[in-house]
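Novice: no sequence for this one, just the structure:
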C-alpha cells in the first residue's frame with residue numbers, strides 16, 4: 001500500500017520522549033512541514049526551552065497555547081462538581097486531552113494542514129481521547145499515529161533514536177518513567193511500576209514531584225478552609241481566589257501533607273489492566289471539600305441520583321467522550337444541582353489523610369432539631385410505626401403467601 005504524502009503536518013507536541021523524536025521522524029518519512037503545538041495546561045517548567053528544542057529538531061514553528069484558565073473553568077470544575085472519578089482516579093490526563101486536541105484542530109485549520117499527528121501509543125487511552133476530539137471538530141483531516149506502525153516500537157528504541165539524532169532528553173534508560181503533568185495532577189507509569197508486586201517508590205528521592213510521601217509529611221496537621229459559591233471554589237482561608245489559584249494553593253497544602261497519592265491498577269479503555277501512580281494533591285482535597293458541602297446542601301434523591309450519574313460521567317471523560325451530547329446534557333444537570341452548593345468547609349490535612357472538621361451553608365438541609373436524640377417538638381417518633389408498616393408491607397404479604405403455598409421461594 002502506497003504511503004500518503006502530506007504538505008503540512010500539525011504535531012501535538014509536549015517535548016517528552018515520544019514527541020521529541022517525532023519531529024525528525026515525520027520529516028524523514030513524509031518530507032512535510034512540521035508545525036508543533038503545545039497546550040499549556042499548567043505543566044509549569046516542562047514548557048521551558050520547548051520552542052528552541054522544537055525548532056532545532058526540525059519544526060518550522062511552535063505554538064504554545066495558554067489553555068490553563070479554560071482547562072480549569074470548563075473541564076476540571078464541571079468534572080469535580082459531578083463528583084466523577086474513574087476507579088478512584090481523578091481524571092487528570094483524561095480531561096486535559098480534549099481541550100488540547102480542540103486547540104490543535106483550530107491551529108491545523110488556520111495553517112491549512114492536511115494531517116494531525118500525535119505520539120500516543122496503540123495500547124493507551126490517550127489515542128482515543130485525541131482522535132475522538134479531532135473527529136468531532138475536523139473529520140476531514142487525516143490523523144497520523146506512528147506508534148501503531150513505526151519501527152521505534154519501544155521507549156528504548158526511541159531513546160536510541162534521540163541519541164543518534166542528537167535530540168536532548170531529560171530522561172535516560174534508568175529514569176524512563178512515562179509521565180504526564182498538568183495543573184491538576186502528575187501520572188507515573190512504566191519501569192518497576194509495571195509489576196504490581198513492586199512497591200511504588202514514593203519515598204525514593206525525585207520520584208514524587210507534586211507531593212511528599214505520607215511518611216515524610218509534617219507531624220503537625222494543616223487546617224484549611226475552602227469556600228464555595230454554587231459549587232465553584234472561590235476562597236481558601238478567607239482569601240478570594242480564582243479556581244485556578246485555589247487549585248494551586250491546595251496543591252501546595254495537600255502536597256506538603258502527602259495527600260492525594262494514588263497507586264492503582266486501572267482498567268484501560270482498550271481492554272488491558274495498567275498500573276499507575278497518580279499525584280493529585282489539590283484535586284483530592286477539593287473533591288473531599290465539595291463532597292462534604294453537598295452532604296448538607298443536596299436533598300436525598302438528588303444526592304443519590306447524582307452519585308449514580310457520576311460513574312457514567314467518569315466513564316465518558318475517561319473514554320475521551322467529552323464532546324458528546326450525553327456529556328453536555330449531564331453537565332447541564334450537574335450545574336442545576338449546584339445552585340445551593342454554597343458554604344464553607346474546614347478540613348484537616350495530616351500525613352496523607354483528609355479529615356473533615358466542619359461544614360456550614362446558608363442552604364443547609366441539616367436540622368439539629370430533627371436529628372437530636374434529646375427531646376424535641378418537631379418530630380413525632382410514633383409516626384415511624386405507620387411508616388415501617390407501609391414500607392415493609394411487600395415483605396409481609398410475601399410471608400403470608402409463603403404459608404399458603406408449598407415450596408414458595410424464600411428470600412434467605
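Specialist: Here it is on my side, so go on. Computed from a prediction, not measured in an experiment: that's the story for all the values here. Residues are numbered from 1 along each chain as shown.
Novice: so residue 179 sits in a strand?
Specialist: Yes. Residue 179 sits within a strand when classified using DSSP: H, G, I helix; E, B strand; the rest coil.
Novice: please name the nearest non-neighbouring residue to it.
Specialist: residue 188 (5.8 Å; Cβ to Cβ, 6 or more residues apart in numbering). For glycine as for every other residue, the C-beta is placed from the backbone atoms N, C-alpha and C.
Novice: quick one: the one you found is in a strand?
Specialist: Yes. Membership of residue 188 in a strand is supported by three-state DSSP.
Novice: what's the burial count for it?
Specialist: 23 (other Cβ atoms under 10 Å).
Novice: can you name the residues bridging to it?
Specialist: residue 179, residue 277 (DSSP bridges).
Novice: could you do residue 348 as well?
Specialist: Under the criterion used (DSSP bridges), residue 348 bridges to residue 223, residue 355.
Novice: got the confidence number for it?
Specialist: At residue 348, the model reports a pLDDT of 98.
Novice: verify the contact between it and residue 355 for me.
Specialist: Yes. Here residue 348 reaches residue 355: they are 4.3 Å apart, a contact under Cβ atoms under 8 Å.
Novice: overlap in contacts, those two.
Specialist: Residues touching both residue 348 and residue 355 (Cβ atoms under 8 Å, 6 or more residues apart in numbering): residue 221.
Novice: ranges for the helices of the stretch 251-400 of the chain?
Specialist: 281-297, 300-318, 325-337, 368-371, 383-391, 393-404 (DSSP state H, counting those that start in this stretch).
Novice: of all the residues in the third one, which ones are buried?
Specialist: When burial is assessed from 16 or more other Cβ atoms under 10 Å, helix 325-337 yields the following buried residues: 327, 330, 331, 334, 337.
Novice: poorly predicted segments of the stretch 151-300 of the chain, please.
Specialist: When residues are selected by pLDDT under 70, those of the stretch 151-300 of the chain lie in 171-175.
Novice: switch to 80 and redo it
Specialist: 170-176 (pLDDT under 80).
Novice: quick one, strands of it?
Specialist: Using DSSP state E, counting those that start in this stretch, the strands of the stretch 151-300 of the chain run over 178-181, 186-189, 222-229, 232-236, 239-240, 261-267, 273-279.
Novice: possible to save these as JSON lines with distance to residue 200?
Specialist: Below are the strands of the stretch 151-300 of the chain laid out as JSON lines (distance: least, Cβ to Cβ, whole Å):
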{"stretch": "strand 178-181", "distance to residue 200": "14"}
{"stretch": "strand 186-189", "distance to residue 200": "8"}
{"stretch": "strand 222-229", "distance to residue 200": "24"}
{"stretch": "strand 232-236", "distance to residue 200": "29"}
{"stretch": "strand 239-240", "distance to residue 200": "34"}
{"stretch": "strand 261-267", "distance to residue 200": "5"}
{"stretch": "strand 273-279", "distance to residue 200": "5"}
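Novice: closest one to residue 124 among those strands?
Specialist: Closest approach to residue 124 among the strands of the stretch 151-300 of the chain (Cβ to Cβ): strand 273-279, 8.1 Å.
Novice: now do the closest one against helix 281-297, angle only.
Specialist: What separates the directions of strand 273-279 and helix 281-297 is an angle of 90 degrees, with axes from the mean of the first three to the mean of the last three Cα atoms, to 10 degrees.
Novice: what lies in contact with strand 273-279?
Specialist: 89-90, 92, 185-189, 193-196, 200, 202, 208-211, 255, 260-268.
Novice: drop anything exposed from those residues.
Specialist: 89-90, 92, 185-189, 193, 200, 202, 208, 210-211, 255, 260-262, 264, 266.
Novice: looking at it, residue 238 is touching residue 227, isn't it?
Specialist: Yes. Contact criterion Cβ under 8 Å: residue 238 and residue 227 qualify, at 7.3 Å.
Novice: which of these two has more neighbours?
Specialist: Counted by other Cβ under 10 Å, residue 238 and residue 227 do not tie: residue 227 has more neighbours, with 22 against 8.
Novice: wait, the more buried one touches residue 239, no?
Specialist: No. Assessed by Cβ under 8 Å, residue 227 is found out of contact with residue 239, at 9.4 Å.
Novice: between the buried residues of helix 325-337, which is nearest residue 285?
Specialist: residue 334 (20.0 Å).
Novice: next, the contact list for the closest one, please.
Specialist: 78, 81, 82, 306, 309, 313.
Novice: one more time with 7 Å
Specialist: Shown in contact with residue 334 (Cβ atoms under 7 Å, 6 or more residues apart in numbering): 78, 81, 82.
Novice: now residue 77
Specialist: 232, 243.
Novice: rewinding a little: out of the helices of the stretch 251-400 of the chain, nearest to residue 249?
Specialist: Here helix 281-297 is closest among those (Cβ to Cβ), at 7.3 Å.
Novice: can you tell me what sits against stretch 56-76?
Specialist: Contacts of stretch 56-76 (Cβ under 7 Å, 6+ apart): 13, 20, 23-24, 27, 33-42, 47, 50-51, 54-55, 95-96, 99-100, 103, 107, 167, 183-184, 243-244, 247.
Novice: mind giving me the PyMOL select for those residues, buried ones only?
Specialist: Selection of buried members from those for PyMOL, criterion 16+ other Cβ under 10 Å:
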select buried, resi 13+20+23+24+27+33+34+35+36+37+38+39+40+41+42+47+50+51+54+95+96+99+100+103+107+167+183+184+243+244+247
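Novice: which ones among the contacts of stretch 56-76 map onto strands?
Specialist: Among those, DSSP state E puts 33, 34, 35, 36, 37, 38, 39, 40 in strands.
Novice: ramachandran angles for the residue nearest to the fourth one when sequence neighbours are not counted?
Specialist: Right, the one you point to is residue 36. Excluding its sequence neighbours, the residue lying closest to residue 36 (Cβ to Cβ, 6+ apart) is residue 13, at 3.7 Å. Main-chain dihedrals, residue 13, degrees, to the nearest 10: phi -120, psi 120.
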